[in-house]
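Engineer: Sequence first, then the predicted structure:
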Amino acid sequence: HTITLVSKTKSVLFGGATGDTGKYSITGDTFLFDCVTRKWRKLDPSGSSPTPRAAHSATIVEINQLVIYGGATGGGQLAPDDLYLLDLRSGEDQSQWIVVPELELPLAEDTGILLYSRSHFWLYNTGNEPVNDVWTLNVEKAPLYWTKLEIESEAPCIRVYHAAALCNTGTANGMMVIFGGRTVD
């Protein structure tokens, strides 16, 4: 599952696996958590919702908007290479899923990290095998396409099940910080 802060007081939980090892199901449910009232609410957004998935990435784009990408649908199958936007700007009762117009995407992976900053999506560690790839997508330049960045410095060790965030203050402003995970061994 993912949980994404979409405003100062609200978070969206999407997807995930429920149950025990070997006996689990993958969900495509969307829930909103209000940090002020401390209550969950199941949302029923209109539009084309993502297929149920776990181990996907989610990131805030703007206040009350988030994007879902990648993941696994169960049984070793990867989710389709679609990018989905959940738009909550018109209110929770008017929320809707929108499929981002078709564009060539890097192959979805269930352990990739998707971030957004300054009109760019950043996708780290995606592919059939764990890698250290970094891809970027400028949403202000048409046509939309992903560009693989050629990294010329020391890279972090290849990992899966990690977390990442973009710093937005201080001397690290604009830097991606990667934490945790496990190596492919």
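Structural biologist: Good, I have the coordinates.

Engineer: mean confidence for stretch 75-90?
Structural biologist: Stretch 75-90 shows a mean pLDDT of 85.

Engineer: Please renumber the chain so that the first residue is 53 from this point on.
Structural biologist: I'll keep to 53 as the first residue from here, and by that count the last item is stretch 127-142.

Engineer: ok, and for it, which residues are buried?
Structural biologist: 130-132, 134-140 (16 or more other C-beta atoms under 10 Å). Bear in mind the C-beta positions are built from the backbone N, C-alpha and C, glycine included.

Engineer: among those residues, which are in strands?
Structural biologist: For the buried residues of stretch 127-142, the ones inside strands are 130, 135-139, with DSSP state E as the criterion.

Engineer: what's the closest of the residues you listed to Thr235?
Structural biologist: Leu130 (21.0 Å; C-beta to C-beta).

Engineer: shouldn't the closest one be in contact with Tyr121?
Structural biologist: No: when contacts are counted by C-beta atoms under 8 Å, Leu130 is not listed as touching Tyr121 (11.3 Å).

Engineer: how about low-confidence regions in the protein?
Structural biologist: Within the chain, the segments meeting pLDDT under 70 span 154-163, 177-182, 236-237.

Engineer: Look at stretch 102-109 and report the distance between its end residues.
Structural biologist: Counting by C-alpha to C-alpha, to the nearest Å, the length from the leading to the trailing residue of stretch 102-109 is 12 Å.

Engineer: what's it in contact with?
Structural biologist: Outside stretch 102-109, the residues that touch it by C-beta atoms under 8 Å, 6 or more residues apart in numbering are 53-54, 66-69, 78-80, 120-126, 131-132, 134, 136, 149, 162-166, 175.

Engineer: And the buried ones among those residues, selectable in PyMOL?
Structural biologist: Only the buried members of the contacts of stretch 102-109 enter the following PyMOL selection, criterion being 16+ other C-beta under 10 Å:
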select buried, resi 53+54+66+67+68+69+78+79+80+120+121+122+123+124+125+131+132+134+136+149+162+163+164+165+166+175
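
Engineer: Show me the contacts of stretch 102-109 that map onto strands.
Structural biologist: Among the contacts of stretch 102-109, the members found in strands (DSSP E) are 54, 66-69, 78-80, 120-121, 124-126, 136, 149, 165-166, 175.
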